[in-house]
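> sequence unknown, structure follows:
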């Protein structure tokens, strides 16, 4: 309550009707759009055809399967890190995602700072994801709908269900970059309408601002965090 | 709606959102960070330990406390639903309050489909297009906007439970806030601890989540809203 107050906060999941309503409206909106396009005899642009949506849905399903496979295996920490690394390279446009997370500071960074940031941010991402694979084991993903958002994005809505019933169902949305003629890549994940990437960007930019625009301060903090997370993982294993 | 007009004028100087939809300009950041640090200390000393105790209770007891806290907010939900012109939700609020009042709100005796959608004066102001205003963190109340904090004050003052003169109503009114705080903290224990202990900057992470949730809670599919990610794509081209 002290961190998040009132009913309109990110933690307030009690009002379940609103996300459901949004999903219904979202699906209805897409169907009406599709109906209008078909009736009007308009030709669909290459990036907006249903094949592309199907491709996006299949990609997310494959990603979820990959994560579940890793979670179910009793792999060593090094193996889990390698597999997480492969997932990042296979499904994400990592450099674009990482550059987004420091906003306009990316353009101001030197080539060396960019390389350091890409390396350190990836390390933190991998250790954070790898440390949470135990949690993924009890989660189920349920596909809800897929729709284009403008010319450049596909949004795939789904539900995360905790099979232990410890947590309520959470509405999630994958944002996929859709560039004609190029493979789809995942750009962002929203949970209950809160974008993980925008949250990360706001936090990173606040740290850089608080350090008078010094990107190295953020890189140092990320490096410390990566070491802490690795130590926490090692301690839990020993 | 005089109060709403006053709030609208207070909020008129709200900063414009940046290219990502989250306002960068934050005139009260130093104050907010100090209040956030104070709230974290209160959380360390009082709320988190109480929430740990709450989580050790049997599930049925946790449900009873959560139901009680939701039940005490029903009069406010009814009142605000009426102000928003939602007579059905207002009536459902009254019905749930009366029926569940048989167990002091600790058991949910109504069908799930008849549960009213919780709402408050902040939602009412939003429905009258009162701007959100600046992001402000207040001691004990936590993060919010000038509009939501003002609305909380109105909800507290106008809560019909305050006007009931019986000792039972007075006790319920006194207990409602601490029970709500502890059950909320307990029900979101991992999420809040993740932000509190796992962030590089818990303050900015909380602020970002609050502002995004607030902005998206009305109509996430509003096509007229600028997509914050498009600015990024344009900057790459």
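Alright, I've got the coordinates. Owing to the predicted nature of the structure, the values given are computational and were not obtained by experimental measurement. Numbering: from 1, shown residues only, chains lettered A, B, ... in the order given.
> how about the longest helix anywhere in chain B, does it get close to chain A?
The single longest helix within chain B, with elements called by DSSP state H, is helix B:167-187. Yes - under the criterion of C-beta under 8 Å from any C-beta of the partner chain, helix B:167-187 makes contact with chain A via B:180, B:181, B:184, B:185. For glycine as for every other residue, the C-beta is placed from the backbone atoms N, C-alpha and C.
> Now the residues you listed in a markdown table, please, with extra columns for pLDDT and neighbour count.
Shown next, in a markdown table, are the residues of helix B:167-187 next to chain A (pLDDT from 0 to 100; neighbours: other C-beta atoms under 10 Å in any protein chain shown):
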| residue | pLDDT | neighbour count |
| --- | --- | --- |
| B:180 | 87 | 18 |
| B:181 | 90 | 21 |
| B:184 | 89 | 26 |
| B:185 | 93 | 25 |
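> can I get the residues you listed in a markdown table with distance to residue B:199?
Listed next are the residues of helix B:167-187 next to chain A as a markdown table, based on distance: C-beta to C-beta, whole Å:
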| residue | distance to residue B:199 |
| --- | --- |
| B:180 | 25 |
| B:181 | 21 |
| B:184 | 19 |
| B:185 | 17 |
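> next SSE after the helix or strand where residue B:215 lies?
Secondary structure assigned from DSSP states H and E places residue B:215 in helix B:202-216. Note on helix B:202-216: by DSSP H and E, the next helix or strand toward the C-terminus is helix B:228-236.
> Just the buried residues of that following helix, please?
For helix B:228-236, the neighbour count (16 or more other C-beta atoms under 10 Å in any protein chain shown) marks B:228, B:229, B:232, B:233 as buried.
> Please, where are all the helices along chain B?
For chain B, the helices defined by DSSP H cover B:2-11, B:29-42, B:48-56, B:59-72, B:74-83, B:87-100, B:121-127, B:146-158, B:160-163, B:167-187, B:189-198, B:202-216, B:228-236.
> and the second one with chain A, contact?
Yes - counting by C-beta under 8 Å from any C-beta, contacts between helix B:29-42 and chain A involve B:39, B:40, B:42.
> Closest to residue B:196 out of these?
Set against residue B:196, the nearest of the residues of helix B:29-42 next to chain A by C-beta to C-beta is residue B:40 (6.8 Å).
> Skipping adjacent residues, who's closest to the closest one in space?
residue B:196 (6.8 Å; C-beta to C-beta, 6 or more residues apart in numbering or on different chains).
> can you tell me the helix or strand for the spatially closest residue to residue A:216 that is not a sequence neighbour?
If the residues on either side of it in the chain are set aside, residue A:216 comes closest to residue A:113, at 6.7 Å by C-beta to C-beta, 6+ apart. Using DSSP H and E, the element containing residue A:113 is helix A:111-131.
> what about the helix or strand just after that helix, average pLDDT?
Counting by DSSP H and E, the element after helix A:111-131 in chain order, helix or strand, is helix A:133-136. The pLDDT scores in helix A:133-136 average 77.
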